[in-house]
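J.: curious how this folds, go ahead:
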Amino acid sequence: MDWRTSFRFPEILVRAVNPCGALPRRLSDALNPLTGQGRPIDAARFLHTVGTDRLMVIDQRLRGYLSLAYCTWPSDTLRCIVTCPMSEEARQSLLFVACSHRDGREREKAVGHLGEFPGSLTLAAALIRSVDWVPQVRSAARDAVVRMLRTCAIDDVVAVWPIVLQLQHRERSTDGWLAEKVEGWAFASASDGFLCRARQAGGPDVRVWAYRKSLERGETSLLPQALMQPDPRIGLHALRHAQATLDARSMGALAASGLRAPHPVVRREGLRALAAVDVVAARAALPAALLDRSAGVRRLAAYLARQGGADARATWRAALDRPAAQAHAGALASLAEDPQEEDAARFRRCLPETRSVVRQHALKGLLRIGQPIPPEVVGQQLQLGGGRVLATLAAAVRDSAIVIDPSLVRGILADPEVEDDGRVRLIGLLGFAGLWAGLKLLLAARTGDVDRQWWLAAIDDWIGRSETYAPLSDMRKRALLDATTERAAELGPTRVSQIQAALLRH
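T.: Sure, this is the predicted structure:
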């Protein structure tokens, strides 16, 4: 041996003494840069714990031009991976990394060993390589997939099935191999339990695929079960499949059961399907549908009621008139969309509710029929708070449906029910009155010593917003400058100069 070799490749020589012992370090060196974590990982288990979508990203990064994953791998690494004693988790992880080598010849060699160690990770590696751009790698990977489908546990196949669904959209997957060999295996008699297990899988896309394929294969007994799935794609596909295959009587029974589905979209389409095949049954289902939690279901039910000559508002009013601890939020929301004068008392009864969504719809209903919102109600809603209610109040102020004037401010400040939180929210509400209208209001407001701190806080809030542009006429500018000078003693020199600077900028 040349004496200079030991100086050129000291690390390789040291590792050559125990090539099997170097494998864990090589695996860690390959995966640590890809984890996005600043600390070492359990490399043997890491790939087994990530999702299938992440596996495909890791494969791409391992093959990247700037990847350093294989710079310390000697030529006998693959032989060591296959022959050295180690846990199956570590071996499958090493094989996955080896199958992502940037050299197509190395990928082909690694893929050739995948079938010897069946498992979810090796099957994932084979599936990813089954659409490799190198024909030899692609052919070897497809052989490995077919082999492992016969030897892997069904749970392992289900775990990597999202990769199959993603590969269906790849250009190199359009040759029909996935449909013939992989999906064909799923439908074969030898894998009868696969679709059943896939319908219970954790991944939503796999469940959708499994239900769709099961229904297409004629398993109509799954239709009621499909409607009850939380994923609306499953229930909608079941309804459309039933409309194309079932007779009117069976379709009516199925659509009626769909009215109890957990997802509102399925309930809505179930009601639509029921109305198409059985008008009498649909009419009987309308009272419950008009009080559904979903606005979409209620709107469709109201439309069907109008088609039959009935007024859905009667049902909503009856629900609100019933004595109950809490108002029916759905009935209130629907009634607030198309209210009449007679509904004002119903809306006012809901204003003290603790639920902000109920108070929001009550306010919207009152505003739609043009009812005035008195200061005590505005103060009550500011004190109760709630993002929905505050947004409704802000929109009403912006649209001039609620006019903020000195009397309203004095009424809210004088209300003993409005505490510090409500007063702070009043400052925020003033910001929607317009920049110059808000300043005019504050300069015109006469507050006692008790409310002086609130008034100064409102002035400071206005100064913080004064950088925004708003058109200002010369006449209004002079009036505001005069009002500022008049209250200079209360404002203090700093605030006076800031207000004057904001006015003179426009």
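
J.: tell me how far the closest residue to A344 other than its chain neighbours lies from A345.
T.: By the measure of C-beta to C-beta, 6 or more residues apart in numbering, the closest residue to A344 outside its immediate chain neighbours is Q371, 5.3 Å from it. Every C-beta, even on glycine, is put in place using the N, C-alpha and C of the backbone. Counting by C-beta to C-beta, to the nearest Å, the gap from Q371 to A345 is 10 Å.

J.: who's in contact with stretch 381-401?
T.: 351, 354, 356-357, 359-360, 363-364, 367, 373, 378, 402-404, 412, 417-419, 421-423, 425-426, 428-429, 432-433 (C-beta atoms under 8 Å, 6 or more residues apart in numbering).

J.: are any of these buried, and which?
T.: Buried members of the contacts of stretch 381-401, counted by 16 or more other C-beta atoms under 10 Å: 351, 356, 359-360, 363-364, 367, 373, 378, 402, 404, 412, 418, 422-423, 425-426, 429, 432-433.

J.: for L123, pull up the helix or strand it's in.
T.: helix 120-129 (DSSP states H and E).

J.: same for that helix, what does it pack against?
T.: helix 43-49, helix 52-62, helix 88-98, helix 104-111, helix 135-151, helix 154-167 (3 or more C-beta pairs under 8 Å, 6 or more residues apart in numbering; DSSP states H and E).

J.: so which of the buried ones among the contacts of stretch 381-401 are in strands?
T.: Using DSSP state E, no member of these sits in strands.

J.: so L223: helix, strand or coil?
T.: Using DSSP: H, G, I helix; E, B strand; the rest coil, the structure places L223 in helix.

J.: count the neighbours of the nearest residue to it once chain neighbours are set aside for me.
T.: With C-beta to C-beta, 6+ apart as the criterion, L223 has its nearest non-adjacent residue at 5.1 Å, and that residue is A238. As a burial measure, A238 scores 28 neighbours (other C-beta atoms under 10 Å).

J.: equivalent analysis for L439, please.
T.: By other C-beta under 10 Å, the residues close to L439 number 25.

J.: I figured it hits W462, correct?
T.: Yes. If you go by C-beta atoms under 8 Å, L439 and W462 touch, sitting 5.8 Å apart.

J.: so what sits against both of the two?
T.: Residues touching both L439 and W462 by C-beta under 8 Å, 6+ apart: I499.

J.: low-confidence bits of the protein, can you list those?
T.: 1-17, 36-40, 65-66, 171-173, 189-192, 325 (pLDDT under 70).

J.: the strands in it, which residues?
T.: Counting by DSSP E, one finds no strands in the chain.

J.: could you chop it up by domain?
T.: In terms of domains, the chain is parsed into 1-186, 325-370 (source: automatic domain parsing).

J.: for the ones you listed, give me CSV that also has distance to A289.
T.: Shown next, in CSV, are the domains of the chain (distance: least, C-beta to C-beta, whole Å):
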stretch, distance to A289
domain 1-186, 35
domain 325-370, 10
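
J.: which one of those lies nearest to R272?
T.: With C-beta to C-beta as the criterion, R272 lies closest to domain 325-370 of the domains of the chain, at 17.6 Å.

J.: ok, and what's touching the helix holding L123?
T.: Under C-beta under 8 Å, 6+ apart, the answer for helix 120-129 is 47-48, 52, 55-56, 59, 92-93, 95-96, 99-100, 107, 111, 114-115, 137-138, 140-142, 144-145, 148-149, 152, 155-157, 159-160, 163-164, 167, 182.

J.: buried only: go through the residues you listed for me.
T.: Among the contacts of helix 120-129, those classed as buried by 16+ other C-beta under 10 Å are 47-48, 52, 55-56, 59, 92-93, 95-96, 99-100, 107, 111, 114-115, 137-138, 140-142, 144-145, 148-149, 152, 156-157, 159-160, 163-164, 167, 182.

J.: and C152, how far is that from A479?
T.: From C152 across to A479, the span is 82 Å (C-beta to C-beta).

J.: same question for A273.
T.: In terms of C-beta to C-beta, A273 sits 65 Å off from A479.

J.: with Q340 instead?
T.: According to C-beta to C-beta, Q340 and A479 sit 43 Å apart.

J.: ok, S400 next?
T.: 21 Å.

J.: more neighbours: which of these two?
T.: Taking other C-beta under 10 Å, S400 and A479 do not tie; A479 has more neighbours (14 against 10).

J.: which one is the more buried one nearest to, not counting chain neighbours?
T.: Nearest non-adjacent residue to A479, counting by C-beta to C-beta, 6+ apart: K440, 7.7 Å away.

J.: hmm, the one you found is touching L480, no?
T.: Yes. K440 is in contact with L480 according to C-beta under 8 Å; the separation is 6.4 Å.

J.: quick revisit: export the helices and strands packed on helix 120-129 to CSV and tack on distance to A394?
T.: Shown next, in CSV, are the helices and strands packed on helix 120-129 (distance: least, C-beta to C-beta, whole Å):
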stretch, distance to A394
helix 43-49, 46
helix 52-62, 41
helix 88-98, 55
helix 104-111, 60
helix 135-151, 59
helix 154-167, 44
